[in-house]
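Novice: Compute the structure for the input listed below.
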Amino acid sequence: MVVEEGTNIGYCRDCVQWQPQSPEEQGLQFLMNTIPFSVGDFVECKTGGVLYDGDGVVEEVSFDLRNGGTPVNPAFRVKFTEKAYSQVPDELWFTEVCLKRKKENVSAR
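Specialist: Next up is the predicted model:
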């Protein structure tokens, strides 16, 4: 049995290798496990959660501020398969509030 310093949480020796080594790593692992959309998800896109832009496929997930993401709220690059109007670019970055998962997934096509 290995006991984690500071928390007094015990783990068997086999389980220790699967545990993050620091609170920072634990936080990052939590964030990675709570991302609402994955690459390949088929989504409906609405600017500001209101203005319908079209449907598309999540191509990339980013925590980078340049793409509209933050360390706790990722942004999702969506490539459109159906555009609501001609001025919509082929792909755009959206945050979680702007996306809604469609029932059909790209992998199911």
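
Novice: which stretches of this protein form helices?
Specialist: 13-16, 23-33 (DSSP state H).

Novice: Tell me which of those helices sits nearest to Asp41.
Specialist: Closest of the helices of the chain to Asp41 is helix 23-33, at 15.6 Å (criterion: C-beta to C-beta). All C-beta atoms are positioned from the backbone trio N, CA, C, and that covers glycine.

Novice: hmm, back to that, okay if I get the helices of the chain as CSV plus distance to Lys103?
Specialist: Putting the helices of the chain into CSV (distance: least, C-beta to C-beta, whole Å) gives the following:
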stretch, distance to Lys103
helix 13-16, 37
helix 23-33, 23
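
Novice: could you dump those to a markdown table with mean pLDDT and mean neighbour count?
Specialist: Listed next are the helices of the chain as a markdown table, based on pLDDT from 0 to 100; neighbours: other C-beta atoms under 10 Å:
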| stretch | mean pLDDT | mean neighbour count |
| --- | --- | --- |
| helix 13-16 | 76 | 10 |
| helix 23-33 | 81 | 11 |
